[in-house]
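Chemist: Please work out how this folds:
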Amino acid sequence: MGVKVEDIANQYFEYWNNQDLEGLRSLFSPDISLKDWEIEVVGAEQVIAANAAIFKNVPEIRAEIIQMGSGKDVVFAKLYIHLNDREKISVVDVLSFENGKIKTVHAFKC
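Modeler: Below is the predicted model of the structure:
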């Protein structure tokens, strides 16, 4: 039995909160896609660049997992995205997996 998708998702959020781009890269499929309410990019390097821009523009950003659920090769995470110590937004991330790597990250602002 391989690594559970929930474990990969938890590692993803830990790397994301630590702004660890190399850690994120290690979890991504080469043809990963990222789509949220502002951006849509495809490919590991483009997704890394998009995350780097987020971390540069919002240096205090961090994700707080409120609830997580999973199905076959997918994780749903209800999150608070803290922009700083005063502002937060509610988001749902849907992560899909292929061969133990993150294939898509779709984020929806609630």
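
Chemist: Go through stretch 17-25 and flag the buried ones.
Modeler: Buried residues in stretch 17-25, counted by 16 or more other C-beta atoms under 10 Å: 19, 21, 24-25. The way it works is simple: take the backbone N, C-alpha and C, and place the C-beta from them, glycine included.

Chemist: Likewise for stretch 92-105?
Modeler: For stretch 92-105, the buried set under the neighbour-count rule, 16+ other C-beta under 10 Å, comprises 93, 95-97, 102-105.

Chemist: out of those, which are inside strands?
Modeler: 93, 95-97, 102-105 (DSSP state E).

Chemist: In TSV, list the residues you listed along with distance to residue 29 and pLDDT.
Modeler: Compiled in TSV, those are given as follows (distance: C-beta to C-beta, whole Å; pLDDT from 0 to 100):
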residue	distance to residue 29	pLDDT
93	16	98
95	11	98
96	9	98
97	8	98
102	6	98
103	5	98
104	9	98
105	11	98
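
Chemist: I'd like those written out as CSV, with distance to residue 39 added.
Modeler: Shown next, in CSV, are these (distance: C-beta to C-beta, whole Å):
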residue, distance to residue 39
93, 14
95, 16
96, 18
97, 21
102, 16
103, 17
104, 13
105, 11
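
Chemist: Of those residues, which is the nearest to residue 44?
Modeler: Among these, residue 102 lies closest to residue 44 (C-beta to C-beta), at 9.6 Å.
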